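Asker: What shape does this take:
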Amino acid sequence: MTGLNRQTGAALEGWPHVLQSLIDVWTTPKGTRVMLRDYGCDLIGLIDRPAGRDTVLEVIMAAMDAESWEPRFRIKQCEITAAGADGAFSFLFSGIYYPRGHLGDFTVYEPRDNVLVRLA
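Answerer: Modelled structure (predicted):
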């Protein structure tokens with residue numbers, strides 16, 4: 001699948017395109033896209049919530065719920081990589097990259113790590 005880089009307008013494909021798509025769905029509040037009201041994620045609404053076990057679980061669940069919009073990646077593991085006194089958290093999502101997942105082909109070609117989400 002080929003798309004456009006949101007900053008440069010250049011062609012974008014493969015893993016960089018998947019990463020851009022994940023960031024887009026995770027940073028788009030649900031209900032803000034006309035004709036796609038279910039598109040997006042509830043992560044933005046979790047910012048400034050009290051840091052605690054329940055909030056961390058809600059972040060993980062929101063990210064996993066939103067991944068259904070990107071069929072080329074499936075989260076398999078989530079790890080908190082940083083939790084500061086300032087209330088900022090960093091999460092590392094690891095999963096499986098399906099280059100042809102958008103076509104219904106879920107053949108595993110290469111695992112992907114390094115999908116880092118930072119909430120402050």
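Asker: Show me which residues of stretch 92-108 are buried.
Answerer: For stretch 92-108, the neighbour count (16 or more other Cβ atoms under 10 Å) marks 93, 95-99, 101 as buried. Bear in mind the C-beta positions are built from the backbone N, C-alpha and C, glycine included.
Asker: Over to stretch 40-60?
Answerer: In stretch 40-60, counting by 16+ other Cβ under 10 Å, buried: 40-43, 46, 51, 55-56, 58-60.
Asker: With secondary structure and pLDDT added, can I get those residues in TSV?
Answerer: Formatted as TSV, these follow (DSSP: H, G, I helix; E, B strand; the rest coil; pLDDT from 0 to 100):
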residue	secondary structure	pLDDT
40	coil	92
41	strand	91
42	coil	88
43	coil	84
46	helix	83
51	coil	77
55	helix	84
56	helix	84
58	helix	90
59	helix	86
60	helix	86
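Asker: Could you dump the residues you listed into a markdown table with distance to residue 1 added?
Answerer: Listed next are these as a markdown table, based on distance: Cβ to Cβ, whole Å:
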| residue | distance to residue 1 |
| --- | --- |
| 40 | 20 |
| 41 | 20 |
| 42 | 26 |
| 43 | 24 |
| 46 | 29 |
| 51 | 37 |
| 55 | 34 |
| 56 | 32 |
| 58 | 30 |
| 59 | 27 |
| 60 | 26 |
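Asker: Show me which pair in those residues is furthest apart.
Answerer: 40 and 51 (23.2 Å; Cβ to Cβ).
Asker: For this protein, which segments are assigned as helices?
Answerer: With DSSP state H, the ranges of helices along the chain come out as 15-27, 53-66.
Asker: Quick one: closest of those to residue 73.
Answerer: For those, the distance to residue 73 is smallest for helix 15-27, at 5.4 Å, taking Cβ to Cβ.
Asker: Convert the C-alpha atoms of that closest one to PDB, please.
Answerer: What follows is helix 15-27 as a C-alpha-only set of coordinates in PDB (Å, rounded to 0.1, in the frame of the first residue of the first chain):
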ATOM      1  CA  TRP A  15       6.600   0.000   7.600                       C
ATOM      2  CA  PRO A  16       6.900   3.900   7.500                       C
ATOM      3  CA  HIS A  17       3.400   4.100   6.100                       C
ATOM      4  CA  VAL A  18       2.000   1.700   8.800                       C
ATOM      5  CA  LEU A  19       3.700   3.800  11.500                       C
ATOM      6  CA  GLN A  20       2.200   7.000  10.100                       C
ATOM      7  CA  SER A  21      -1.200   5.400  10.000                       C
ATOM      8  CA  LEU A  22      -0.900   4.100  13.600                       C
ATOM      9  CA  ILE A  23       0.100   7.600  14.800                       C
ATOM     10  CA  ASP A  24      -2.900   9.100  12.900                       C
ATOM     11  CA  VAL A  25      -5.500   6.800  14.400                       C
ATOM     12  CA  TRP A  26      -4.000   7.100  17.900                       C
ATOM     13  CA  THR A  27      -4.000  10.900  17.800                       C
END
